[in-house]
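Student: Pasting the sequence and the predicted coordinates here, then a few questions.
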There are 2 protein chains.
Amino acid sequence: MSDLKHWKTLHTRVLLEREPWLRVLADEVELPDGRVVKDYLRLETPDFVAIVPIRTSGEIAVLRCYKHGLGTIDEQLPAGYIEGGEDPLETAKRELLEETGCVADHWKALGHFVISGNRGMNTAHVYLANDCRQVASPDSGDLEEQELLWMSQDELRRRLAAGDYQQILTVACLGLAFAYLDAPEGLR
Amino acid sequence: MSDLKHWKTLHTRVLLEREPWLRVLADEVELPDGRVVKDYLRLETPDFVAIVPIRTSGEIAVLRCYKHGLGTIDEQLPAGYIEGGEDPLETAKRELLEETGCVADHWKALGHFVISGNRGMNTAHVYLANDCRQVASPDSGDLEEQELLWMSQDELRRRLAAGDYQQILTVACLGLAFAYLDAPEGLR
């Protein structure tokens, strides 16, 4: 592999600040060939977790709700913002309980991923929650009304292949979960 | 399924405008229960395409490059912004040629996906480019230096399951591609 160089940030200005939800930044960056780019935009929004909840019998929980970023109804996985200083796994346990009423006996971290390679935005920490058990009623406290559905993995795979989901996060989390579940035993 | 209601946008203010890259909007929205939320933030950035290029022999092309949104080197799929009025498939063909020097004999649309369910941001149109053939040298014209690698599907599946990729888009596109490639013949 070649020796790819990093860009150098020479200066950063804050263009807009709406704490705790958003900061818009303009970087002045120097490229490896010496060119200087002014006002390269970056976004900062809070990091969050997303969870793929699986029952021992294999079904996966999805939430049907209105999403204002889409302007329509979609199915998505449980997710939520990390609150100040919280460990992402603790956020995942809290959100799973709030949004599905479940606790999980076994947790697996599937990685953490930046939302925009160009603009940054924030990081999603993705978890598989295995052997989920219902211990309470869902009560998300979110602005959105939500409907909890337990779906078979075959149905989710079919809908993923058909391009039925509308949010990149749902697609990424299901893709990660199936790559992990399909991996040979020694690689898990 | 229950009858989930949409939110109603009462008013929209532009908080920041940096054409052609970014608009930050603040919506005043009315929830189905009558509550009114002020300053619900939305982001608008240009729509783009991402491509999963596959050779007839099965290898998939990835690009190794520095990404300023991450601040580090990552591997990603060919991608690029849709230029004014362009059909997304035309953008995909242009970007495949620019970034890999390939043309593809068979194209399959895998869906289009919004980047943030809460904030909106933009839409990614994802394509599988089957039977790619090298007809030129890569010349992306992007700010980033890029290194083209052809990887086996087994290696990509292993790395996906291990959480090795750093951008949610890469994960989503590989997840979509494998769901499609693994689907029974009748569902494709």
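Tutor: Alright, I've got the coordinates. Residues are numbered from 1 along each chain as shown, chains lettered A, B, ... in the order given.
Student: Just the endpoints, please. Distance across stretch A:137-149?
Tutor: Start-to-end span of stretch A:137-149 (C-alpha to C-alpha, to the nearest Å) is 13 Å.
Student: typo on my end, it should be stretch A:27-38
Tutor: Across stretch A:27-38, the terminal residues are separated by 7 Å (C-alpha to C-alpha).
Student: A:Glu75 reaches A:Glu147, doesn't it?
Tutor: No - A:Glu75 is not in contact with A:Glu147 according to C-beta atoms under 8 Å; the separation is 9.0 Å. C-beta: built from backbone N, CA, C; applies to glycine.
Student: Read off the pLDDT value for whichever residue of chain A sits closest to chain B.
Tutor: Residue of chain A nearest chain B, by C-beta to the nearest C-beta: A:Gly175 (1.4 Å). On pLDDT, A:Gly175 comes in at 97.
Student: Next: A:Arg188.
Tutor: Looking at A:Arg188, its pLDDT is 69.
Student: On the three-state scheme, A:Cys65 is what?
Tutor: Using DSSP: H, G, I helix; E, B strand; the rest coil, the structure places A:Cys65 in strand.
Student: tell me how far the lengthiest helix in chain A is from the chain's mean position?
Tutor: The longest helix of chain A (DSSP state H) is helix A:168-182. Here helix A:168-182 is found 11 Å from its chain centre; the criterion is C-alpha atoms, centre = their mean, to the nearest Å.
Student: Now do that helix and helix B:168-182, the angle between them.
Tutor: Comparing the axes of helix A:168-182 and helix B:168-182 via axes from the mean of the first three to the mean of the last three C-alpha atoms, to 10 degrees yields an angle of 60 degrees.
Student: Return the set of buried residues in helix A:168-182.
Tutor: Neighbour counts using 16 or more other C-beta atoms under 10 Å in any protein chain shown place A:168-180 of helix A:168-182 among the buried residues.
Student: And stretch A:97-105, by the same measure?
Tutor: Within stretch A:97-105, the residues that qualify as buried are A:Leu97, A:Glu98, A:Glu99, A:Thr100, A:Gly101, A:Cys102, A:Ala104, counting by 16+ other C-beta under 10 Å.
Student: In helices, which of those residues fall?
Tutor: Using DSSP H, the subset of the buried residues of stretch A:97-105 located in helices is A:Leu97, A:Glu98, A:Glu99, A:Thr100.
Student: Tell me which stretches of chain A form helices.
Tutor: In chain A, the segments counted as helices under DSSP H are A:88-100, A:153-161, A:168-182.
Student: coming back round to it: with neighbour numbers in mind, choose between A:Glu75 and A:Glu147.
Tutor: A:Glu75 (19 against 15; other C-beta atoms under 10 Å in any protein chain shown).
Student: so the closest residue to the more buried one other than its chain neighbours bridges to which residues?
Tutor: Excluding the flanking residues, the one nearest A:Glu75 by C-beta to C-beta, 6 or more residues apart in numbering or on different chains is A:Val62, at 4.6 Å. Beta bridges link A:Val62 to A:Leu149, judged by DSSP bridges.
Student: Kindly report the same for the one 4 residues further on.
Tutor: Beta-bridge partners recorded for A:Tyr66 (DSSP bridges): A:Ile73.
Student: May I see the buried residues of stretch A:97-105 organised as TSV, with pLDDT and distance to chain B added?
Tutor: Listed next are the buried residues of stretch A:97-105 as TSV, based on pLDDT from 0 to 100; distance: C-beta to the nearest C-beta, whole Å:
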residue	pLDDT	distance to chain B
A:Leu97	96	21
A:Glu98	95	16
A:Glu99	95	14
A:Thr100	96	16
A:Gly101	96	17
A:Cys102	97	20
A:Ala104	98	18
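Student: Stretch A:63-82 spans what distance, first to last residue?
Tutor: 19 Å.
Student: residue with max distance from the center of chain A?
Tutor: The C-alpha centroid of chain A is most remote from A:Gly34, which lies 35.4 Å away (C-alpha atoms, centre = their mean).
Student: quick one: contacts for the most centrally placed residue in chain A?
Tutor: In chain A, the residue lying closest to the centroid (C-alpha atoms, centre = their mean) is A:Ala124, at 3.9 Å. A:Ala124 is in contact with A:Asp47, A:Phe48, A:Val49, A:Ala50, A:Ala79, A:His112, A:Phe113, A:Ile115, A:Leu169, A:Ala172, B:Ile168, counting by C-beta atoms under 8 Å, 6 or more residues apart in numbering or on different chains.
Student: Bridge partners for it, pull those for me.
Tutor: A:Ala124 has these beta-bridge partners by DSSP bridges: A:Phe48, A:Phe113.
Student: Check the spacing between it and A:Ala136 real quick.
Tutor: For A:Ala124, the distance to A:Ala136 (C-beta to C-beta, to the nearest Å) stands at 25 Å.
Student: Just list the residues touching A:Leu110, thanks.
Tutor: Counting by C-beta under 8 Å, 6+ apart, A:Leu110 makes contact with A:Val52, A:Val126, A:Tyr127, A:Leu128, A:Cys173, A:Leu176, A:Ala177, A:Tyr180, B:Gly163.
Student: which one of the residues you listed is nearest B:Glu86?
Tutor: Nearest to B:Glu86 out of those is A:Cys173 (C-beta to C-beta; 29.8 Å).
Student: which stretches of chain A aren't confidently modelled?
Tutor: Residue ranges of chain A with pLDDT under 70: A:1-2, A:186-188.
Student: Break it down into its structural domains.
Tutor: Domain ranges of chain A: A:8-44, A:48-187, per automatic domain parsing.
Student: Rebuild those domains as CSV, extending it with distance to B:Glu17.
Tutor: Below are those laid out as CSV (distance: least, C-beta to C-beta, whole Å):
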stretch, distance to B:Glu17
domain A:8-44, 10
domain A:48-187, 16
